[in-house]
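> take a look and give me a structure for this.
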Amino acid sequence: QVQLVESGGGLVQAEGSLRLSCAASGRTGSIISMGWYRQAPGNQRELVATINRGDGVNYADSFVGRFTISRGPAKNTMVYLQMNSLKSEDTAVYYCNAKVEQSYNPGWADVWGQGTQVTVSS
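Next comes the predicted model:
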């Protein structure tokens, strides 16, 4: 089992910055990749960015240049999301995600944190 706990959300003014953190515990050796998703009211959950075991990163187009995903030195225990130049439309609940290995099909499973609220005031 893997558990994820996010922190770092809050209220920030437009053009400000926030850094989200996600702490993973449990069978962290089974983690294939970690990432951040977000969900605004009335919208579907959407990908923000992911980072894999080899430190390969992937961003959804709308976050390139503004958001940066990174991992802590202990690799599969911490992942961060640095968010700069925040806009009111970035207001959402941000969720940490881990894709973990499992022995049965499809061979992996999603694990989610509880989410952290980010509110950007204009």
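
> who's in contact with the residue nearest the centre of the chain?
The chain has Trp36 as the residue nearest its centroid, 2.0 Å off, counting by C-alpha atoms, centre = their mean. Counting by C-beta atoms under 8 Å, 6 or more residues apart in numbering, Trp36 makes contact with 20, 22, 48-50, 69, 79, 81, 94-97. Where C-beta positions appear, they are placed from N, C-alpha and C, glycine not excepted.

> and it, what element?
In the assignment (DSSP states H and E), Trp36 maps to strand 31-39.

> and that strand, what's buried?
Within strand 31-39, the residues that qualify as buried are 31, 33-38, counting by 16 or more other C-beta atoms under 10 Å.

> what's the answer for stretch 108-118, then?
111, 113, 115-116, 118.

> repeat for stretch 55-70
59, 63, 67-69.

> give me the beta-bridge partners of Gly35?
Gly35 has these beta-bridge partners by DSSP bridges: Thr50, Asn97.

> distance of it from Glu15?
25 Å (C-beta to C-beta, to the nearest Å).

> with Val57 instead?
Val57 is 24 Å from Glu15, where distance means C-beta to C-beta.

> ok, now Tyr104?
For Tyr104, the distance to Glu15 - C-beta to C-beta - is 47 Å.

> quick one, which of the two is more surrounded?
Applying other C-beta atoms under 10 Å to Tyr104 and Glu15 shows that Glu15 carries more neighbours, namely 11 against 6.

> report pLDDT for that one.
Glu15 is assigned a predicted lDDT (pLDDT) of 97.

> tell me the contacts of Pro33?
For residue 33 the amino acid is Ser, not Pro. Residues near Ser33 by C-beta under 8 Å, 6+ apart: 50-53, 98-99.
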